[in-house]
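Engineer: sequence below, structure please.
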Amino acid sequence: MLNLMIVDDEPIIIKGLTNIVEKSNIPFKEIVNACDGLDALEKMAAFKPDLIITDIEMAEMNGLDLIREAQDKQLCKRFIILTGYEEKIYLREAIRRKVIDYLLKPINKAEFLNLLSEVCLEIVH
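Structural biologist: Numbers count the residues shown, from 1 in each chain. The predicted structure follows:
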């Protein structure tokens with residue numbers, strides 16, 4: 001079983017994504033939420049997520065800075081960005097950080113679940 005962390009400053013997004021994942025048959029043992037990058041980093045060491053889904057624009061620490069810190073500290077290897085921003089500078093940094101995917105809000109539920117299933121298969125194999 002795998003651990004998932006969802007990082008977003010919008011509680012409705014966290015609730016919606018958590019609900020989608022919990023109702024699916026994707027093997028996440030536990031889902032932990034964080035409201036920004038700093039909150040996520042504090043929880044990450046103890047939780048040890050296998051995958052992090054993060055927004056970009058958040059207070060305190062944005063999603064790209066979170067990814068950089070988590071990678072530098074080897075706290076997590078796999079990231080999906082879920083954002084409302086199509087900024088090329090964000091896309092370039094996401095590519096440099098080797099994120100799995102860059103999804104735009106609002107998400108396509110079927111596409112999202114398919115992506116999570118593929119990532120889970122990759123992790124367990």
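
Engineer: give me the most central residue, the protein.
Structural biologist: The residue lying closest to the centre of the chain (C-alpha atoms, centre = their mean) is residue 53, at 0.9 Å.

Engineer: A strand includes that residue, no?
Structural biologist: Yes. Under DSSP: H, G, I helix; E, B strand; the rest coil, residue 53 sits within a strand.

Engineer: do you know how far it is from residue 2?
Structural biologist: From residue 53 over to residue 2 the distance is 13 Å, taken as C-beta to C-beta, to the nearest Å. Yep, even glycine has a C-beta here, placed from its N, CA and C like the rest.

Engineer: thinking again about what came up before, tell me who's in contact with the residue nearest to the centre of the chain.
Structural biologist: Neighbouring residues of residue 53 by C-beta atoms under 8 Å, 6 or more residues apart in numbering: 4-7, 17, 79-82.

Engineer: same question, residue 124
Structural biologist: Residue 124 is in contact with 2, 27, counting by C-beta under 8 Å, 6+ apart.

Engineer: distance of it relative to residue 72?
Structural biologist: Counting by C-beta to C-beta, the gap from residue 124 to residue 72 is 26 Å.

Engineer: hmm, back to that, and the residue nearest to the centre of the chain, bridged to which residues?
Structural biologist: Beta-bridge partners of residue 53, counted by DSSP bridges, are residue 6, residue 80.

Engineer: for the longest helix belonging to the chain, list the C-alpha coordinates in CSV.
Structural biologist: If each helix of the chain is counted by residues according to DSSP state H, the longest one is helix 109-124. Provided in CSV are the C-alpha atoms of helix 109-124 (Å, rounded to 0.1, in the frame of the first residue of the first chain):
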residue,chain,number,x,y,z
LYS,A,109,-11.5,12.8,-13.3
ALA,A,110,-10.9,9.8,-15.7
GLU,A,111,-7.6,11.2,-16.8
PHE,A,112,-6.6,11.9,-13.2
LEU,A,113,-7.5,8.3,-12.0
ASN,A,114,-5.7,6.8,-15.0
LEU,A,115,-2.6,8.8,-14.2
LEU,A,116,-2.7,7.7,-10.6
SER,A,117,-3.1,4.1,-11.6
GLU,A,118,-0.1,4.3,-13.9
VAL,A,119,2.0,5.9,-11.2
CYS,A,120,1.0,3.3,-8.6
LEU,A,121,1.9,0.5,-11.0
GLU,A,122,5.3,2.1,-11.7
ILE,A,123,6.0,2.4,-7.9
VAL,A,124,5.1,-1.2,-7.0
